[in-house]
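Novice: Only the shape, not the letters, is given here:
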């Protein structure tokens, strides 16, 4: 089976789809990738790449075609829109030429925002007479309005029409949250082709040799009671709630909150630390994916947070599965599906969204919890991960979807 993976984001950007491709190859699939120039999350094209021009490269045995795009920049709705549109246009115009000598059984679109990247997938699938499988990671147009990227109702209505077109021209739609199935089915107008498949999990194998800066940070995290958040530092992550909670926790001398990553809120976070002279918040910056196991495993508690918008009640943050796999207790500022998973796993405490005082109280509760109880929470989370989100289960289920065979794995049980 030859699969064309179409996604705007791929290695060296830290998205879990890269590890999933390696697992698909291990299952016998041949995978070719069509993607853009790496620029997420900082908004600048990575060293070694240029925004314009076509690039062909190989990584871990996978052939990668990169098409030009406008870098997303930071805190600019115009730049973000140009980033989305430029990839769609480049992929649609250049893919027929770049892939002219290749045949595919399936065109597979991995679709975190923007879902619009599926549009060239529709074209390519038709040209190649291949199936089109879409893995929906974010709900559109709801995500646009929730993050504040687009608020004009007329524009949102147009986007909804485009999303409807995409869903109805997909042969199979996979959704990362059970709660996604109803809204996606409503636009697809065919519930039978919408299937639940959890987020892929990044490769959590510790590196053979830990880099010095990673080892130093890991030692720092392990030296006290550390709350660790890792990932995109953006508006959706409710970091204002986290920072306000930090101000209420300054009396706990050994407690520090590490926000590992980068994103559109970087400048604001530094300003808040300076303004309130916060000594319990640390911003180490962004680290490669293989640094996460040694860093996260040193945390007393892991933190995941989202804003309180209704759209986020449907979402399961991909970091939640990573945290469960790491086997450390979790504090979650979540409502809806993500909170339900953590409750079912018994792996930590939940704090209501948009409430800094409640979050501070929840963190205090975890701080006062015995080390054994915290270890038990972490073990419960790891056991839940193995039962529900084990990578081999997800990969086998994904292979069956790509082959269009019946799915029997627990990981894809219908609701």
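Specialist: Yes, it's here. All of these numbers come straight from a predicted model, not from anything done at the bench.
Novice: Residue 354: what's it in contact with?
Specialist: 238, 241, 307-308 (Cβ atoms under 8 Å, 6 or more residues apart in numbering). Placement of C-beta: from N, CA and C, glycine included.
Novice: Among those, which are located in helices?
Specialist: With DSSP state H as the criterion, helices contain residue 241 from among these.
Novice: pLDDT, neighbour count and distance to residue 400 for the contacts of residue 354 - can I get that in JSON lines?
Specialist: Listed next are the contacts of residue 354 as JSON lines, based on pLDDT from 0 to 100; neighbours: other Cβ atoms under 10 Å; distance: Cβ to Cβ, whole Å:
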{"residue": "238", "pLDDT": "96", "neighbour count": "23", "distance to residue 400": "36"}
{"residue": "241", "pLDDT": "98", "neighbour count": "24", "distance to residue 400": "40"}
{"residue": "307", "pLDDT": "94", "neighbour count": "20", "distance to residue 400": "35"}
{"residue": "308", "pLDDT": "93", "neighbour count": "17", "distance to residue 400": "36"}
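Novice: list the buried ones in the longest helix seen in the chain?
Specialist: In the chain, with assignment by DSSP H, the single longest helix is helix 77-98. Neighbour counts over helix 77-98 (16 or more other Cβ atoms under 10 Å) mark 80-84, 86-88, 90-92, 94-95, 98 as buried.
Novice: can I assume residue 3 sits in a helix?
Specialist: No: using DSSP: H, G, I helix; E, B strand; the rest coil, the secondary structure at residue 3 is strand, not a helix.
Novice: Please tell me how far the residue most central in space within the chain sits from residue 200.
Specialist: When Cα atoms, centre = their mean is applied to the chain, the residue found nearest the centroid is residue 318 (4.7 Å). Using Cβ to Cβ, to the nearest Å, residue 318 is found at 8 Å from residue 200.
Novice: How are the strands of this structure distributed by residue range?
Specialist: Ranges of strands within the chain are 2-6, 30-36, 55-59, 62-67, 106-111, 131-136, 172-175, 194-196, 225-230, 255-260, 281-285, 301-305, 330-333, 348-351, based on DSSP state E.
Novice: In this protein, which residue sits furthest out from the middle?
Specialist: Distance from the C-alpha centroid of the chain, by Cα atoms, centre = their mean, peaks at residue 251 (33.6 Å).
Novice: what's the pLDDT at that residue?
Specialist: pLDDT for residue 251: 96.
Novice: List the contacts of it.
Specialist: Residue 251 neighbours (Cβ under 8 Å, 6+ apart): none.
Novice: residue contacts, the residue nearest to residue 385 when sequence neighbours are not counted?
Specialist: Distance criterion Cβ to Cβ, 6 or more residues apart in numbering; nearest residue to residue 385, sequence neighbours excluded, is residue 324 at 4.0 Å. Residues near residue 324 by Cβ under 8 Å, 6+ apart: 330, 345, 347, 381-382, 384-385, 389.
Novice: And residue 324, how far from residue 380?
Specialist: 9 Å.
Novice: so what pLDDT did residue 147 get?
Specialist: In this prediction, residue 147 carries a pLDDT score of 67.
Novice: Could you name the helices and strands sitting against the helix or strand bottoming out on mean pLDDT in the chain?
Specialist: When the helices and strands of the chain are scored by mean pLDDT, DSSP states H and E, helix 142-146 comes last with a mean of 75. Packed against helix 142-146 by the contact rule (3 or more Cβ pairs under 8 Å, 6 or more residues apart in numbering; DSSP states H and E) you find helix 153-168, helix 310-313.
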